[in-house]
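Q: Need a 3D model of the following:
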Amino acid sequence: MGTPLEWIVFNAVVLVAIVLDLRVFHRHAHKVGFREAAIASFCWIGVSVLFGLGVFYFGGKQPALEFFAGYVIEKALSVDNLFLFLVIFRAFGVEDRFQHRLLAYGVVGALVMRGILIGVGAELIEHFSWVLYALGAFLVYAGIRLFFKKDEVHPEKSRMVRFLSRHLRVTREYRGADFFVRDAGRLFATPLFVVLLVVEITDVTLAIDSIPAVFGITRDPFIVYTSNVLAILGLRALYFLLAGIIDRLRFLDEGLAVVLVFIGGKMIGEKWVRVPVDTSLAVVGGVLSIALLASVLVPARSKRKEAAKQTPE
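A: Predicted structure coming up:
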């Protein structure tokens with residue numbers, strides 16, 4: 001799949017959707033409520049399912065399975081990304097009513113950067129077969145790192161923020177929803193712009209994990225790109241839908257780590273063992289379901305410790 005016309009039509013529809021979102025539906029800054037986020041999230045999921053059915057109708061079963069597998073992987077990794085965005089917004093004290101604007105512009109930048117990364121990745125894989133094994137090894141490493149990573153994240157103390165603060169004229173306070181303001185004839189960036197850059201760079205870093213993971217399912221750049229884009233477009237609504245409970249998904253990192261190791265191993269060993277796409281989709285869905293169920297059913301360790309401390313001897 002992926003004729004020039006299909007690329008043009010898909011990107012045109014995405015561009016129209018983004019313009020409508022920024023200029024019509026969310027023209028004024030406001031706090032996104034649960035109901036609004038739920039409706040938007042289900043709408044984006046519905047659009048993605050319809051697109052997948054279109055892929056099935058025009059391209060057949062195999063591309064459709066590849067699309068849905070790539071979409072599920074990207075969506076799951078995006079949920080993990082949402083936790084980092086939540087930490088960033090809390091660390092910088094971003095008001096709820098400005099968070100949608102940040103995520104909207106962040107998504108635009110993410111789509112551009114991911115398009116570039118996917119294009120480069122597809123060319124490298126096509127011309128250098130060893131790149132596939134390198135990406136597989138990287139995914140195994142990334143999965144192991146994610147499984148054992150327990151460090152707290154402090155984005156406001158990062159080298160990137162210190163660099164931006166030294167090289168940009170930044171106002172001390174937020175200036176509403178503005179990214180830039182003029183004071184005494186001089187142009188200043190606002191802290192909101194610094195947060196936007198942090199979000200963008202964070203997404204690029206996280207995309208280095210997710211894009212190779214989808215390439216582990218399919219080599220079709222159109223399927224990789226469309227599954228990434230549709231998963232990312234629903235990211236903002238999903239953020240506001242899950243913001244209140246995302247820190248309770250305690251075993252999500254472990255589940256994602258297993259998925260990354262599985263896909264990385266699949267890429268490394270596909271010369272000897274061919275794993276069907278429907279099997280990959282079942283493994284990914286099963287592992288993530290177990291991780292989510294464990295997060296709900298297994299009591300938090302900290303709560304057990306507190307209960308033990310409160311128990312009289």
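Q: any idea how far the spatially most central residue of the chain is from residue 214?
A: For the chain, the residue whose C-alpha lies nearest the mean C-alpha position (Cα atoms, centre = their mean) is residue 78; its distance is 2.8 Å. Taking Cβ to Cβ, to the nearest Å as the measure, residue 78 falls 12 Å from residue 214. Heads up, the C-betas are built off the backbone N, CA and C, glycines and all.
Q: for residue 159, same thing?
A: The separation that residue 159 has from residue 214, given Cβ to Cβ, amounts to 29 Å.
Q: Looking at those two, which is more packed in?
A: Just comparing residue 159 and residue 214: by other Cβ atoms under 10 Å the higher neighbour count belongs to residue 214, 27 against 7.
Q: Pretty sure the more buried one sits against residue 76.
A: No - with contacts defined as Cβ atoms under 8 Å, residue 214 does not count as touching residue 76, sitting 11.3 Å away.
Q: Check the offset of stretch 225-239 from the chain's centre.
A: The chain centroid and the centroid of stretch 225-239 are separated by 7 Å, computed with Cα atoms, centre = their mean, to the nearest Å.
Q: Report the backbone C-alpha coordinates of that stretch in CSV.
A: C-alpha atoms of stretch 225-239 as CSV (Å, rounded to 0.1, in the frame of the first residue of the first chain):
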residue,chain,number,x,y,z
TYR,A,225,3.2,6.1,9.4
THR,A,226,-0.6,5.9,9.5
SER,A,227,-0.7,3.7,12.6
ASN,A,228,1.7,6.2,14.3
VAL,A,229,-0.3,9.2,13.2
LEU,A,230,-3.7,7.9,14.2
ALA,A,231,-2.4,6.8,17.6
ILE,A,232,-0.8,10.2,18.2
LEU,A,233,-3.8,12.2,17.1
GLY,A,234,-5.9,10.6,19.9
LEU,A,235,-3.2,11.2,22.4
ARG,A,236,-4.5,14.6,23.7
ALA,A,237,-8.0,13.2,24.4
LEU,A,238,-6.5,10.1,26.0
TYR,A,239,-4.3,12.3,28.3
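Q: what's the average pLDDT for that stretch?
A: Here stretch 225-239 scores 87 as its mean pLDDT.
Q: what does stretch 268-281 give?
A: The average of the pLDDT scores along stretch 268-281 is 84.
Q: Can you get me the start-to-end distance on it?
A: 18 Å (Cα to Cα, to the nearest Å).
Q: Buried residues, that stretch. List them.
A: 268, 275, 277, 280-281 (16 or more other Cβ atoms under 10 Å).
Q: The residue nearest to the centre of the chain touches residue 235, doesn't it?
A: Yes - applying Cβ under 8 Å as the test, residue 78 and residue 235 come out as touching, 5.3 Å apart.
Q: Noted, bye for now.
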